[in-house]
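Student: I would like to see how this sequence folds:
(one chain, ligands or ions: 2)
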Amino acid sequence: MAYNEKILKDDVLRVFLIGSGGPINNEVRVAPCIAVIAGGEFFLVDVGPGTYRIVDVMRLPIPHLSKILLTHFHSDHIGDLGEANMMSWANGRTKALEVYGPEGVEKVVNGFIMAYEHDTGYRIAHHGKDIMLPEAGTPISKIVKFSDPKERILCFETDGLKVYAFQVDHSPVKSAVGYRIEYKGNVVVITGDTKKTNNLAEHCKDADILFSEAISYEMLNNMIEGLKRINLTRSTKILKDIQDYHMEPVVAARIAKEAGVKKLVYVHITPPLTNKATEELYLKGVSDIFDGEIILGRDRMKFKLKPKE
Ligand SMILES: [Zn+2]
Ligand SMILES: [Zn+2]
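Tutor: Numbering: from 1, shown residues only. Ligands and ions are numbered 1, 2, ... in the order given. As a prediction, this is how the structure comes out:
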């Protein structure tokens, strides 16, 4: 199977929007996942349910996948972690996958290790240790710890590529982070799930591309009205609770403006947008606030940033 390995060798920062959806399942968008390739490094930020197969279908250089960066541990962000580890190993990865995340990541990683323990054994026994390198089969947790809530922690640095984590506010989820990626003068920021905070705007500063989560509360409230009429109280409660710890599209636009971002890409799109009218409703008012480029994220979108320095 041929993977696109050429893209590991130049000095372009490439971003692949694998999954642009949020927690509500739909036919248009899968759960959150963004693939990044720069400086010979290939990693994923979040790996929600249904995303890993898209990484494979896009022929990204899977044997070279080195890291997965988790923003937090809601299931829509971690569901495919086991598949990403198992299938990249089966397709030729020769080093253990490193999984970064805030405190608690070791519990998530150890849980997946346990769930896949039988299969890990089957693969080594069936194909042999030369094909399935045992040392590459088990992922390694990399805990991102903060001593100051405002700081930016360098997770790793490779060949001019720097990847930082910063804290976001997705309470009661403790902890949650966003990531800032810098390479040859370009900056890409991924918010993860969060409310608007001054700290978030600070870490989005001068980003060439900001991938921001956003949920339309107005659209959720319309759904709630309909659900109330048919007495679906459970769904009504959940759709209401969701509004405690996210940003509306106009709020994300405000962050982009404050931070001097060049291009704003909406991700974690919720509720599902099934036609032009719902897309327009989701984006209502955002261009009045942010005058840079605004993109409604779609699965499999590709972004290419040529070196500035
Ligand atoms: Zn989420
Ligand atoms: Zn979340």
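Student: okay, CA-based contacts and neighbour counts for the rest of this
Tutor: Will do.
Student: show me where pLDDT drops low in the stretch 51-200 of the chain?
Tutor: The model of the stretch 51-200 of the chain has no residue with pLDDT under 70.
Student: point me to the residue sitting farthest from the middle of this structure.
Tutor: residue 229 (35.2 Å; Cα atoms, centre = their mean).
Student: and the helices in the protein?
Tutor: Taking DSSP state H as the criterion, the chain contains helices spanning 52-57, 75-78, 81-90, 105-115, 117-127, 134-137, 198-203, 217-229, 233-241, 249-259, 276-282, 286-289.
Student: and the second one, what's buried?
Tutor: To tie it back to what came earlier, the one meant is helix 75-78. Going by neighbour count (16 or more other Cα atoms under 10 Å), the buried part of helix 75-78 is 76-78.
Student: okay, it in PDB with CA atoms only?
Tutor: Coordinates of the C-alpha atoms in helix 75-78 are reproduced here as PDB (Å, rounded to 0.1, in the frame of the first residue of the first chain):
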ATOM      1  CA  SER A  75     -15.400  10.400  24.000                       C
ATOM      2  CA  ASP A  76     -15.800  12.400  20.800                       C
ATOM      3  CA  HIS A  77     -12.100  13.300  21.000                       C
ATOM      4  CA  ILE A  78     -10.500   9.900  22.000                       C
END
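Student: switch to numbering from 181
Tutor: Got it, the first residue is 181 from now on, which makes the last one we talked about helix 255-258.
Student: so what touches it?
Tutor: Helix 255-258 is touched from outside by 202-203, 211-213, 226-229, 250-251, with contacts defined as Cα atoms under 8 Å, 6 or more residues apart in numbering.
Student: repeat that with 10 Å
Tutor: If you take Cα atoms under 10 Å, 6 or more residues apart in numbering as the criterion, helix 255-258 is touched by 201-205, 210-213, 225-231, 248-252, 288-289, 372-373, 448.
Student: what's the PyMOL syntax to select whichever of these are buried?
Tutor: Entered in PyMOL, the line below selects the buried ones among these, by 16+ other Cα under 10 Å:
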select buried, resi 201+202+203+210+211+212+213+225+226+227+228+229+230+231+248+249+250+251+252+289+372+373+448
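Student: which other residues reach stretch 452-470?
Tutor: Applying Cα under 10 Å, 6+ apart, the contact partners of stretch 452-470 are 201-209, 394-399, 428-438, 440-444, 446, 449-451, 473-476.
Student: filter those to the buried ones?
Tutor: Of the contacts of stretch 452-470, these count as buried by 16+ other Cα under 10 Å: 201-203, 209, 394-397, 399, 428-438, 440-444, 446, 449-451, 474.
Student: next up, the contacts around residue 396.
Tutor: Contacts of residue 396 (Cα under 10 Å, 6+ apart): 423, 426-430, 449-452, 461-464.
Student: from these, which is closest to residue 309?
Tutor: Residue 309 lies nearest to residue 449 out of the contacts of residue 396, by Cα to Cα, at 42.5 Å.
Student: ok, and the closest non-adjacent residue to the closest one?
Tutor: Take residue 449 and drop its neighbours on the chain: the residue closest to it by Cα to Cα, 6 or more residues apart in numbering is residue 201, 4.8 Å away.
Student: so how far is residue 231 from the one you found?
Tutor: 10 Å (Cα to Cα, to the nearest Å).
Student: mutual contacts of the two, please.
Tutor: The contact sets of residue 201 and residue 231 overlap at 209-213, 479 (Cα under 10 Å, 6+ apart).
Student: from the residues you listed, which ones fall inside strands?
Tutor: Assigned to strands by DSSP state E, the following of the shared contacts of residue 201 and residue 231 qualify: residue 213.
Student: how about the shared contacts of residue 201 and residue 231, which pair is most distant?
Tutor: Of all pairs in the shared contacts of residue 201 and residue 231, the most separated under Cα to Cα is 209 and 213 at 10.8 Å.
Student: check contacts around the residue lying closest to residue 476 once chain neighbours are set aside.
Tutor: Excluding the flanking residues, the one nearest residue 476 by Cα to Cα, 6+ apart is residue 446, at 5.1 Å. Counting by Cα under 10 Å, 6+ apart, residue 446 touches 200-201, 390-395, 429, 432-433, 463, 474-478.
Student: fine by me, thanks again.
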